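Trainee: Quick one: sequence and predicted model below, then my questions.
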Amino acid sequence: MKIAIVLKEDLGIGFAANAAACIASGLFHRENELHGEKIEGNDLSFIPITKIPLMIFRQNSKPWEELLKRAKRNKLKYMLFTKEAQSTTDYVEYINRVNNKRLEDVVPLGIGVLGEDSLVNKFSGDLPLLK
């Protein structure tokens, strides 16, 4: 299993970090077997982290429609993250902003996918890594 996150090219570093964190948290929802176990240190505990690779890419010139089609075609678990989500701190407001909307009605900032390595590689193979 592997995760690939694709972020809009011109997001500032803080917005990109926020988008990646939100996408990862959404993809890990109900995926408990992908987390490691809690580790006890000498004077502190280390929380479980992911046991699978998590790669972050730049959108480059690929339109969101194409990336969404790739995710669906490869039967990957996917999550689209939008400006509507990032520009509010109230979850009910976010729901109201995106409920019953189409891709054309929102402003995508990123997409994340989760699946078997080979399928995630097919999804992200021509995308540049975020550096």
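Mentor: In hand now; what should we look at? Given the structure is predicted, the values throughout are model-derived calculations rather than measurements.
Trainee: buried residues in stretch 106-115?
Mentor: 106, 108-115 (16 or more other C-beta atoms under 10 Å). Every residue, glycine included, has its C-beta placed from N, CA and C.
Trainee: same thing with stretch 84-103?
Mentor: Result for stretch 84-103 [16+ other C-beta under 10 Å]: buried residues 84-86, 94, 97.
Trainee: mind checking the end-to-end distance for it?
Mentor: 12 Å (C-alpha to C-alpha, to the nearest Å).
Trainee: Outside of that stretch itself, which residues are in contact with it?
Mentor: 15, 18-19, 22, 64-65, 68, 80, 82, 106-107, 109 (C-beta atoms under 8 Å, 6 or more residues apart in numbering).
Trainee: other SSEs contacting the strand or helix carrying Ala17?
Mentor: Using DSSP states H and E, Ala17 sits within helix 13-27. Helix 13-27 sits against strand 2-7, strand 77-82, helix 83-86, strand 108-115, with contacts defined as 3 or more C-beta pairs under 8 Å, 6 or more residues apart in numbering; DSSP states H and E.
Trainee: Beyond the last one, next helix or strand please.
Mentor: Going back to what we said before, that points to strand 108-115. Following strand 108-115 in sequence, per DSSP H and E, is helix 117-124.
Trainee: Flag every buried residue along that following helix.
Mentor: 119-120, 123-124.
Trainee: That helix packs against which elements?
Mentor: Against helix 117-124 (3+ C-beta pairs under 8 Å, 6+ apart) you get strand 2-7, helix 64-73, strand 108-115.
Trainee: quick one, it and strand 108-115 angle?
Mentor: In terms of direction (axes from the mean of the first three to the mean of the last three C-alpha atoms, to 10 degrees), helix 117-124 departs from strand 108-115 by 160 degrees.
Trainee: what angle sits between helix 117-124 and strand 77-82?
Mentor: If you take the same axes, to 10 degrees, helix 117-124 sits at 30 degrees to strand 77-82.
Trainee: From the chain's centroid, how far away is helix 117-124?
Mentor: 14 Å (C-alpha atoms, centre = their mean, to the nearest Å).
Trainee: so for that helix, what's the average pLDDT?
Mentor: For helix 117-124, mean pLDDT is 96.
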